[in-house]
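In: take this sequence and fold it.
(2 chains)
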Amino acid sequence: MIAQAASTFVPPEVQWFALVPLMVVLGAGVVGVLVESFVPARARRPVQTVLTLGALVGALAVLVVQGWQWFGPEGTGQVLVLGGSMVLDGFSVALQGTILLCAFLAVLVVTDRTSARQDAFAPSAAAIPGSEYEELARRRGLEQTEVYPLLLFAVGGMLVFPAAGDLVTMFVALEVLSLPLYVLAGMARRRRLLSQEASFKYFVLGAFASALFLFGTALLYGFSGSVRLDGIARMSLTVAQDAPGLPEGWVLLWLVGILLVLAGLLFKVGAVPFQAWTPDVYQGAPTPITGFMAACTKVAAFGALVRVVYLLVVNAPPEAFDAVKAALWTVAVATMLVGAVVGATQTDVKRMLGYSSIAHAGFLLVALLGFNAQGVRAVVLYLLVYGVSTVGAFAVVTLVREVGPGGEVVGEATHLGQWAGLGRRSPLLAASFSLFLLSFAGIPLTAGFIAKFSAFEAAVRGTPYTGSATALVVVGVIASAIAVFFYVRVVVIMFFSRTVEGDGSTVAVGAGSAEDADGRGATAEEPEPHATQQGTPQRSSVVVAEGAPAVTVVRSEWGSLVTVAVAVVTVLLVGVFPQPVLDLVDGLTRLG
Amino acid sequence: MTIDPNFPWLTVLAVVPLVGAAVLWALPRGSARLARPVALAVALVEVVLVALAVAAFDTSRAGEHQLAETHAWIPQLGASYAVGVDGVGLLLVALSVGLVPLVVGAAWREQGDGSDGGHRLRHYLALVLVLETFMVLVFAARDVFLFYVVFEAMLVPVYFMIGGFGDGARRRYAAIKFLVFSLVGGLVMLAAVVALYVQGPGGEQGFLTDSLTGVALDPTTERWLFLGFFLAFAIKAPMFPVHTWLPDAAEHAPAGTSVLLVGVLDKVGTFGMLTLCLPLFPSASRWAAPVVIVLAVVSILYGALLALGQKDLMRLVAYTSVSHFGFIVLGIFAFTQVSVSGASLYMVNHGLSTGLLFLVAGFLVLRSRGGRSRDVDGFGGMQRVTPVLAGVFLVAGLSALSLPGLSTFVSEIMVLVGTYGRNHPAAIVAATGVILAALYVLLTYKRVFTGPVRAELADAPDLSARERWVAAPLVVALLLFGFLPGPLLDLVRDPAAVTLEDVGVDDVAGTAAEPTTEGSDS
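Out: Model (predicted):
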């Protein structure tokens, strides 16, 4: 409760214990900055690695203790920090746990220098691409270990974001999580211009979205005199009761305000029409960072979105509810369809995963639009499943590399055509990636199916007041069917396409169907052992140009390997025996 | 000897092949030659197990689901691991398990010429075994969620079996087409499954077929849900107009895959109509029956006519199946005791008959020029070169045209007679399909096996001992059940009565031998 007495200052009571995970993460970030200044360059990397991973594990451990204490059998219920600026209910604890888990797995990928003995980051991110200074930094073998504190700061913001109880806290968390990401997106070791463009684009559009969010906050404050979510909700109920003394059109203030706030959040989750940055940033950012961003940002942003929708939209002034619902339905439908349809045309694996993440944002919105408790449960489960498999998928991407003219391993081979025949050369890696793709596609016996099922169930169930979202589910299944096409296409390329290996070039043949072949690039005929079938030459929609670099698979030091293994086990286990995870999610969100 | 019916027969039947597949994949690299014996051994163990399960099944209560097990699986989503079979389910499980060793046997030389040490063959056989697990489960599932999971999951091994091991340049296209068609149907069904659960009683066992049967649904909702399920099954079956994936898939799949795909997997469609659509949505089924019957009759004629025009042997067989599936669907939706029992029996017989046809066609293709030409006109006079092959082909072909004395005759006549009792025009038009069947079978036989011997095929070997062993069980089964259909009829009669009771239609009085007063469908 807000202290009404303005004349007497009451020092706020701080729930220090509740803040421990946050303080561990942010504190380790600060220590990380000091490490950069005081520890000799040679030792920085191991120190930072231990510090970062330790902080994440520590925070997760404390979070587990907290979750047990608050929501266990003798739980004391939710905790309000600083008078409700942060609401640590079961929902936020569940999402914070997911964020910490995904961040841990993503950092493992970040630390992995693979058998190429190089990490994914520019030796000196400040150097102009192609300059002599850059070359010098590269030759001196510099490493940019500032990545780790930046990651920790971003995680700190993410932990606050879904727990924020007022719009200002939410905004601060949004900025704390976004700014490090803008920087990290621009730090790729290779294709630096692409990376910097991604960073710039992300920053400009992100700043724009933040401004929208902030303006919406101001309008909602004008509407209700409060930035607290429950305060705003209370005011809308007052408006609903037709309280005297409110000017005409007061509801419009709420409507515009909420739409702007939602726009800011939908930008972060990558929903259409705010998705434009997603493919570019996913492609340009260093791959380990893309994995981190794709998983953790989405979890955090959806957490905030759920909170806003369930506190503000559900308690909307009656005449405005339908408008917001219509807006969200439109966004959900567009997000699913754009993600699936445009995703089907991609030839770059990172862009494809970007569009896939857009489509998944759409499926998550479907769960959200059930407006019921099942919806919250489904969102948490979906985010966990999606997050872990996404980090795993990007970890695989980091291992498939191009080989330079001198035989040295260079950047990632992200063109889908270069993945041809991966199933033959690295069956386990390709099988893992296929498993993630099948899970994204929602094929039964993978975790993705359980998640999608829960999401659709919540939407069909709906509530008596808001109705059922069955129509959205129908669009959802159509979008899933389209999305399956492009996930499976990658499986086809990895397992069923042969590569012709000759003088340093790898040419992919025969991916996709003869129908959609458009003859771009060079096409080589598959050496058909039996000459009877030459009537229909195989051509491919995904073809790499002649002379494209050869492709190799580098060995993981251990980080990526652990991440992929954990993700595979999670996807299978949750897919076949989801009950423990469902119980956990249920136990946490029931109280929240 | 008494066999304990409480032993978890179905679970064991499902688990053994999965273990076999794991063993195959775990074989060290050098020992790929062991793949064939291991796979065959597992498949034969399955046959023994299924024989024991059949013995444990009490035929006098064939209408009830026996060998049943129910365990909590995902209580929170209302899903249980519930399996159990009635007479029809048992027959189909037995059919699936029975065909697998033949497919393994047929794959002996078909996959992998030994150039990679049998590496490919090992993967192929492992996929066949994984598929066997799913086939057993899908026919035994007594929980809609479990059924759906298996229904969708089995697409994955089939997809790899077509796309990875198929023949011809367009096999990936065929594999993708198969997957997209099936998934569109499956995902629409998913929406219906979710909606059905929400409408149903819910709770920790809310997905059990028994809990969902008899749920009072709003008529409009019921019709939508029926359509959601029916579309998936019609694609799977495959019925006109959503059958177009089958010819492509069958053309490009290895013959063994086609045996399982058409012989067993497509039965999931008709089996689903019989055991899910009708009991779960009885009034919607009655509402849709006239349209479904028209589509079924169109399938019968259209499939047969297209089969007549095919030059590709595998496509030809695939189109005959479209026609046959029309008969099965017709029998199911005619809602008479005789037609529904006939349709159930037809599913099994069609599996035997088409299975044999695909196997023999596969053997024939191996003997063609280059070992992979499926062009009917590329053959000629094979009767003189390979007499045994010709004989087996003739048996398979005659069973496809339902010659009396072969088991397919029994089921086809039952479907036609049963349908006649309810719907005269449908039965009469469908009967012309039998004539077309005679045409496409005999014309094909003529083109391939009679006439002058082609020079390049003159030294083609006849069926080897292994191939004879593969074909023999099916020939025997077709003849045996042709003369003695009694045991099979005992198994399908009671389930048909139960189904009709669920749908809430009275059987037409007597048989169609005596024309009844209520002619058209209610």
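In: may I see the buried residues of stretch B:163-181?
Out: Residues of stretch B:163-181 classed as buried under the neighbour-count rule (16 or more other Cβ atoms under 10 Å in any protein chain shown) are B:163-181. Any C-beta I mention is one placed from the backbone N, CA and C, and that applies to glycine too.
In: can you flag which of these belong to helices?
Out: Residues of the buried residues of stretch B:163-181 located in helices (DSSP state H): B:163-165, B:171-181.
In: circling back: ok, and which of the buried residues of stretch B:163-181 reach chain A?
Out: Checking the buried residues of stretch B:163-181 against chain A by Cβ under 8 Å from any Cβ of the partner chain, the ones in range are B:163, B:164, B:168, B:169, B:170, B:172, B:173, B:175, B:176, B:179, B:180.
In: now render the ones in helices among the buried residues of stretch B:163-181 as a markdown table, adding pLDDT and distance to residue A:582.
Out: Written out in a markdown table, the entries for these read as follows (pLDDT from 0 to 100; distance: Cβ to Cβ, whole Å):
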| residue | pLDDT | distance to residue A:582 |
| --- | --- | --- |
| B:163 | 77 | 34 |
| B:164 | 75 | 34 |
| B:165 | 76 | 37 |
| B:171 | 77 | 39 |
| B:172 | 77 | 37 |
| B:173 | 81 | 39 |
| B:174 | 83 | 38 |
| B:175 | 83 | 34 |
| B:176 | 82 | 33 |
| B:177 | 84 | 35 |
| B:178 | 86 | 32 |
| B:179 | 85 | 29 |
| B:180 | 83 | 30 |
| B:181 | 86 | 32 |
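In: now, among those, which is nearest to chain A?
Out: Proximity of these to chain A was ranked by Cβ to the nearest Cβ; the top entry is residue B:173 with 3.9 Å.
In: can you list the low-confidence ranges for the chain?
Out: With no chain named, the answer covers chain A. Using pLDDT under 70 as the threshold, the predicted model of chain A has low-confidence ranges A:1-7, A:242-245, A:498-548, A:591-592.
In: switch to chain B, that's the one I care about
Out: Counting by pLDDT under 70, chain B contains low-confidence ranges at B:1-2, B:29-32, B:108-119, B:167-169, B:370-371, B:508-522.
In: quick check: domain ranges of it?
Out: In the assignment given by automatic domain parsing, the structural domains of chain B cover B:1-280, B:288-522.
In: can you redo these as JSON lines with distance to residue A:191?
Out: Formatted as JSON lines, the domains of chain B follow (distance: least, Cβ to Cβ, whole Å):
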{"stretch": "domain B:1-280", "distance to residue A:191": "31"}
{"stretch": "domain B:288-522", "distance to residue A:191": "45"}
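In: separation between residue B:126 and residue B:154?
Out: Computed as Cβ to Cβ, to the nearest Å, the residue B:126 to residue B:154 distance reads 14 Å.
In: what's the answer for residue B:83, then?
Out: Residue B:83 is 15 Å from residue B:154, where distance means Cβ to Cβ.
In: where does the stretch 201-350 of chain B get nearest to chain A, which residue?
Out: Ranking the residues of the stretch 201-350 of chain B by distance to chain A (Cβ to the nearest Cβ) places residue B:224 first, at 8.9 Å.
In: and that residue, what does it touch?
Out: When contacts are counted by Cβ atoms under 8 Å, 6 or more residues apart in numbering or on different chains, residue B:224 is found next to B:192, B:195.
In: please state the offset of the helix or strand where it lies from the chain centre?
Out: For residue B:224, the enclosing helix or strand under DSSP states H and E is helix B:219-236. Centre-to-centre, helix B:219-236 and its host chain are 20 Å apart (Cα atoms, centre = their mean, to the nearest Å).
In: cool, stretch A:369-389 as well?
Out: Stretch A:369-389 has its C-alpha centroid displaced from the chain centroid by 14 Å (Cα atoms, centre = their mean).
In: do the same with stretch B:299-319
Out: Remark: stretch B:299-319 is offset 17 Å from the chain centroid, using Cα atoms, centre = their mean.
In: quick one: it near chain A?
Out: No: with Cβ under 8 Å from any Cβ as the measure, stretch B:299-319 is seen stopping short of chain A, the closest distance being 12.8 Å.
In: what about the helices in the stretch 301-450 of chain B?
Out: Taking DSSP state H, counting those that start in this stretch as the criterion, the stretch 301-450 of chain B contains helices spanning B:313-333, B:337-366, B:382-385, B:387-400, B:407-422, B:424-449.
In: output those helices in TSV; the columns should cover mean neighbour count.
Out: TSV is the format used below for the helices of the stretch 301-450 of chain B (neighbours: other Cβ atoms under 10 Å in any protein chain shown):
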stretch	mean neighbour count
helix B:313-333	29
helix B:337-366	27
helix B:382-385	19
helix B:387-400	22
helix B:407-422	26
helix B:424-449	18
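In: tell me which residues in the longest helix along chain A are buried?
Out: Identified as the longest helix of chain A according to DSSP H is helix A:192-224. By neighbour count with 16+ other Cβ under 10 Å, helix A:192-224 contains the buried residues A:192, A:194-203, A:205-206, A:209-210, A:212-217, A:219-221, A:223-224.
In: same check, this time on stretch A:414-432
Out: Across stretch A:414-432, burial judged by 16+ other Cβ under 10 Å covers A:414-423, A:426, A:429-430, A:432.
In: between those residues, which is closest to residue A:408?
Out: Comparing these against residue A:408 with Cβ to Cβ places residue A:418 closest, at 16.7 Å.
In: and that closest one, how far from residue A:401?
Out: Separation of residue A:418 from residue A:401 (Cβ to Cβ): 10 Å.
In: name the residues contacting each of those two.
Out: residue A:551.
In: ok, back up a step: okay, and which of the buried residues of stretch A:414-432 map to helices?
Out: Secondary structure of those is defined by DSSP H; positions in helices are A:422, A:423, A:429, A:430, A:432.
In: which ones are touching the first one?
Out: Under the criterion of Cβ under 8 Å, 6+ apart, the neighbours of residue A:422 are A:400, A:429, A:430, A:433, A:493, A:494, A:551, A:553.
In: mind redoing it with 7 Å?
Out: For residue A:422, the residues meeting the contact criterion (Cβ atoms under 7 Å, 6 or more residues apart in numbering or on different chains) are A:400, A:429, A:430, A:494.
In: show me what residue B:79 is bridged to.
Out: Applying DSSP bridges to residue B:79 gives these bridge partners: residue B:74.
In: wouldn't it be in contact with residue B:73 here?
Out: Yes: because the distance of 5.1 Å satisfies Cβ atoms under 7 Å, residue B:79 is recorded as touching residue B:73.
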